[in-house]
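# Predicted model, plus sequence, below.
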Amino acid sequence: MIIEEIKLDRLHMPLKHPFETSFGKLMTKDFIVVSATSEGSTGYGESTAFPLPFYNEESTETVLYILKELIIPQVLNLDKLDHPQDLDPIFQSIKGHRMAKAALEGAIWDLYCKKKGVSLSKALGGTNTEIDVGVSIGIEPTIGELLDRVGGCIDQGYKKIKVKIKPGFDVKPMEAIRERFGMDVPLMADANSAYTLQDIDLLKQLDPLNLMMIEQPLAYDDIIDHVTLQKELSTPICLDESIHSVEDARKAVEIGATKIINIKVGRVGGLTEAKKIHDYCQEQGIPVWCGGMLESGIGRAHNIAITSLSNFTIPGDTSPSDRYWDRDITDPEVEFYKPGVIKVPEGPGIGYGINEEAFIEYVVHTDTFSRTKTV
Ligand SMILES: O=C(O)CCC(=O)C1=CC=C[C@@H](O)[C@@H]1C(=O)O
Ligand SMILES: [Mg+2]
């Protein structure tokens, strides 16, 4: 297929509640929707970088720069784009900037599937027709407010409860959750790199709490120190920020730095790499789950599709749209099919349409790029 036009819409979507983690509080999602059009069909992708480089080194501005100055001109110049993997030569010429690459690649995957008349889930090798999902709860001001929020999520039927922790808000809140709701609720902690090897004794206090995992306890770019920590903990370590590629996953698994991997499509540079990590982990008996970056329905749709692959055996952070948004930009919005379960769309591509009225409400800027080269 020949890509005739690529559009970058920058959207500001206010969150229903501020989302706080160990590195800050997010009130509005500022992100890019990439639309790629060919012969009357349009595919959609979404950038997952935060407005500032809090989570990794990318931001909304770096995504825009890399897409506008480097990636889009080369994509519009391609004479052959029969499969999203044909983007590889362009991507390999650019170091890093995986969230920028993933936003474009997601649009091309959606477009490719729409032209083939196949669902994104099927095209990726998905086998599940519905997925269990969990929820990620940000840092709450008090333990009481955390318990209320956890109770509400359990009542809604979420299949995994993820709680953010940081020094000073870790053991006690997790103990309080176990005390209130029992030892069997599927519960995990996400530390977002807030700890160091000096905190081993503190983190060991979490071991008796039957947590599913502790996510990214140490530095965002570390693998080796997580080996030391995992030897001291009975709770499995799950890596998020440290894993950017299937090569990172191989190294982390081979040296014993992690027992579970949180795959985020944006963090690893797109669906093609996400599938490679899934497939490698499946061979190694390492379960994976799909993390979130507070996506709109478009990014959520991509996450639902990749989660339909068989080694996504742990519920991901893919809540329905109304967890974060008063009004999402997809039609339909992402909803529970039954408590804690989302149906995998069978329609072509991502399986969700765009709610144009809602979309335009959030757009703050648009850049349009057209192919000029004649074949
Ligand atoms: O998108 C969701 O619902 C989950 C978001 C979420 O938990 C995270 C997003 C980005 C950084 C962290 O705070 C955390 C994570 O690390 O998984
Ligand atoms: Mg995380």
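Right, received. Where do you want to start? Ligands and ions are numbered 1, 2, ... in the order given.
# Residues touching stretch 248-256, excluding its own?
For stretch 248-256, contacts defined as CB atoms under 8 Å, 6 or more residues apart in numbering pick out 223-224, 226-227, 230-231, 239, 242-243, 257-258, 261, 277, 280-281, 284, 286. Where C-beta positions appear, they are placed from N, C-alpha and C, glycine not excepted.
# try 7 Å
Residues outside stretch 248-256 that contact it (CB atoms under 7 Å, 6 or more residues apart in numbering): 223, 227, 230, 239, 242-243, 258, 261, 277, 280-281, 284, 286.
# distance between that stretch and the chain's centre?
Taking CA atoms, centre = their mean, to the nearest Å, the mean C-alpha location of stretch 248-256 is offset from the chain mean by 20 Å.
# any idea which element residue 65 lies in?
helix 60-65 (DSSP states H and E).
# Identify all contacting residues around that helix.
Against helix 60-65 from outside (CB under 7 Å, 6+ apart): 8, 30-32, 47, 49, 51, 97, 99-100, 103.
# out of the residues you listed, who's nearest ligand 1?
residue 49 (10.3 Å; CB to the nearest ligand atom).
# residues of the helix holding residue 65 that come out buried?
60, 62-64 (16 or more other CB atoms under 10 Å).
# now stretch 277-284
So, applying 16+ other CB under 10 Å, buried residues of stretch 277-284: 277-278, 280-282.
# again, but for stretch 261-276
Buried, per 16+ other CB under 10 Å, within stretch 261-276: 261-275.
# Report the residue spans of the protein with pLDDT below the cut-off.
21-23, 374-375 (pLDDT under 70).
# Which residues of it lie near ligand 2?
For the chain, the contact set with ligand 2 under CB under 5 Å from the ion comprises 190, 215, 240.
# Enumerate the beta-bridge partners assigned to the nearest residue to the second one once chain neighbours are set aside.
Spatial nearest neighbour of residue 215, excluding adjacent residues (CB to CB, 6 or more residues apart in numbering): residue 190 at 4.0 Å. In this structure, residue 190 has beta-bridge partners residue 164, residue 215, where bridges are defined by DSSP bridges.
# What about the residue of the chain at minimum distance from ligand 2, how many residues nearby?
The minimum distance from the chain to ligand 2, using CB to the ion, falls at residue 240 (3.5 Å). Number of residues near residue 240 (other CB atoms under 10 Å) recorded here: 21.
# didn't it look like it was pressed against residue 215?
Yes: counting by CB atoms under 7 Å, residue 240 does reach residue 215; the two are 5.5 Å apart.
# any shared contact partners between these two?
Residues touching both residue 240 and residue 215 (CB under 7 Å, 6+ apart): residue 262.
# Run through who's touching stretch 263-275.
So stretch 263-275 is contacted by 47-48, 56, 84-85, 91, 98-99, 101-102, 105-106, 109, 124-125, 240, 243-246, 277-278, 288, 290-291, 293, 302-303, 306, 309 (CB under 7 Å, 6+ apart).
# What residues does the protein have near ligand 1?
Contacts of the chain with ligand 1, taken as CB under 6 Å from any ligand atom, map to 21, 55, 136, 190, 192, 240, 291-294, 317, 319.
# Of the contacts of helix 60-65, keep whichever come out buried.
Here, 16+ other CB under 10 Å leaves 8, 30-32, 47, 49, 97, 99-100, 103 buried among those.
# Please tabulate those residues in a markdown table, including the columns secondary structure.
Listed next are those as a markdown table, based on DSSP: H, G, I helix; E, B strand; the rest coil:
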| residue | secondary structure |
| --- | --- |
| 8 | strand |
| 30 | strand |
| 31 | strand |
| 32 | strand |
| 47 | coil |
| 49 | coil |
| 97 | coil |
| 99 | helix |
| 100 | helix |
| 103 | helix |
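# Let me see the contact set for the residue in the chain positioned nearest to ligand 1.
Closest approach between the chain and ligand 1, counting by CB to the nearest ligand atom: residue 292, at 2.3 Å. By CB under 7 Å, 6+ apart, the contact list for residue 292 reads 136, 303, 317-318.
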